[in-house]
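Undergrad: Structure of the sequence below:
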Amino acid sequence: MKSLLNNRFPIFMLALILIIILAIATVWPKLKIQGYNIIRNLSKYQLALVTRDFKTLNDTDFIIKYVPDNEDSARLVLENSKEIKEQVNAILGFENKGRVPVIIYPSMMELNKSFGWDGDRSPMGVYWMGSIRILAPDVWVDEDADKKLVFKNMGPMAHEYSHFVVDYKTNGNYTRWFTEGIAQYVERKLTGFTLEEPEREAKNNLYSFKDLNGTFDDQKDQDLAYWQSLIAIDYLVENLGEEKIFNEMLDKLGQGQKFEKVFQETVGLDLDTFEENLRQYAKTK
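TA: Residues are numbered from 1 along each chain as shown. Take a look at the predicted model:
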């Protein structure tokens with residue numbers, strides 16, 4: 001009997017290990033999603049504490065926080081946010097379940113400081129962990145211009161709110177080039193705004209997606225990195241349609257599946273083949 005038990009013990013241990021591995025594989029995507037959502041909520045809470053002395057404008061979908069001198073900017077941002085929200089949600093198949101925090105900073109220095117950045121960065125808006133931070137329109141819109149029209153066509157809200165939607169639909173499960181491409185695609189569709197195209201020589205030297213995933217902001221030619229991200233989405237939409245990319249693919253990513261696996265299942269290509277196809281596609285643009 002003892003000998004029989006000894007023979008069965010390794011089999012029992014192997015079976016137990018296999019069961020544990022399968023259990024982890026089953027629950028890990030859900031644990032990853034829950035962990036990310038907790039971190040994102042903590043980040044929003046921390047930002048709310050830091051900006052607790054800011055004034056606020058609220059509606060059912062947004063909470064706009066600003067310093068007293070930027071009240072006009074805050075009203076303009078809230079009006080624009082309400083307008084673009086429905087349009088972006090319709091394109092990306094999303095429905096808000098809470099108010100989006102939008103923090104307005106009175107200077108580029110203050111916006112950069114909120115992230116601990118050096119002063120040489122100059123974004124008009126940034127989405128990060130559940131909140132949108134933007135530079136007050138009063139700072140960069142000409143005093144004699146139609147501020148509502150300029151902010152609608154050139155402001156950052158369509159772009160940054162698209163990042164917000166992608167983040168929440170996928171539970172943070174996306175690559176950098178993918179969300180940048182989608183945000184630019186939606187922004188161009190709603191406002192007509194797009195970055196200046198790179199030179200022809202640059203278009204013939206696209207980055208690898210591995211580089212864009214890991215070190216997007218460190219690439220020397222940022223215009224090329226953003227343009228490549230945009231035409232990658234253009235290529236996908238032209239071949240598969242918006243529904244396939246913005247609904248089916250984003251929803252699968254929201255379940256915690258690996259990006260590479262979801263991409264291949266949805267697009268029918270692995271990323272290496274897609275990269276090669278995109279290099280050829282770029283030459284036609």
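Undergrad: Tell me where the protein has helices.
TA: Ranges of helices in the chain, per DSSP state H, are 2-50, 71-92, 108-115, 137-140, 147-154, 157-170, 176-191, 200-203, 209-215, 222-240, 242, 250-253, 259-267, 271-282.
Undergrad: Of all those, which one comes closest to Leu57?
TA: helix 71-92 (5.1 Å; Cβ to Cβ). Glycine gets a C-beta too; all of them are placed from N, C-alpha and C.
Undergrad: Now that closest one: buried residues?
TA: Judged by neighbour count using 16 or more other Cβ atoms under 10 Å, the buried positions of helix 71-92 are 73-74, 76-78, 80-81, 84-85, 88-89, 91-92.
Undergrad: most neighbours per residue, which of the helices of the chain?
TA: Highest mean neighbour count of the helices of the chain: helix 157-170, a mean of 24 (counted as mean count of other Cβ atoms under 10 Å).
Undergrad: which helices and strands does that helix pack with?
TA: helix 71-92, strand 100-105, strand 125-128, strand 131-135, helix 176-191, helix 250-253 (3 or more Cβ pairs under 8 Å, 6 or more residues apart in numbering; DSSP states H and E).
Undergrad: and Pro101, what is it in contact with?
TA: Lys44, Leu47, Ala48, Phe62, Ile63, Lys65, Gly130, Ser131, Ile132 (Cβ atoms under 8 Å, 6 or more residues apart in numbering).
Undergrad: Kindly confirm whether my reading is correct that the last one touches Val126.
TA: Okay, so that is Ile132. Yes: in terms of Cβ atoms under 8 Å, Ile132 counts as a neighbour of Val126; the distance is 7.5 Å.
Undergrad: Overlap of the contact sets of the two?
TA: Glu160.
Undergrad: Spatially central residue in this protein, please.
TA: His163 (3.4 Å; Cα atoms, centre = their mean).
Undergrad: List the residues that contact that residue.
TA: Tyr127, Thr179, Ala183 are the contacts of His163 under Cβ under 8 Å, 6+ apart.
Undergrad: so the second one touches Tyr168, yeah?
TA: It refers to Thr179. No: with contact defined as Cβ under 8 Å, Thr179 does not count as touching Tyr168 (11.5 Å).
Undergrad: Spatially nearest residue to Phe151, not counting backbone neighbours?
TA: Nearest non-adjacent residue to Phe151, counting by Cβ to Cβ, 6 or more residues apart in numbering: Pro137, 4.9 Å away.
Undergrad: Oops, could you answer that again for Ile84 instead?
TA: Using Cβ to Cβ, 6+ apart, the nearest residue to Ile84 is Ala158, at 4.8 Å.
Undergrad: And the one you found, how far from Ser122?
TA: Distance check for Ala158 against Ser122: by Cβ to Cβ, to the nearest Å, it reads 19 Å.
Undergrad: Same check on Asp138?
TA: 16 Å.
Undergrad: which regions of the stretch 1-150 of the chain sit below the pLDDT cut-off?
TA: Low-confidence segments of the stretch 1-150 of the chain (pLDDT under 70): 1-29, 119-121.
Undergrad: rerun at 80
TA: Applying pLDDT under 80 to the stretch 1-150 of the chain flags residues 1-31, 118-122.
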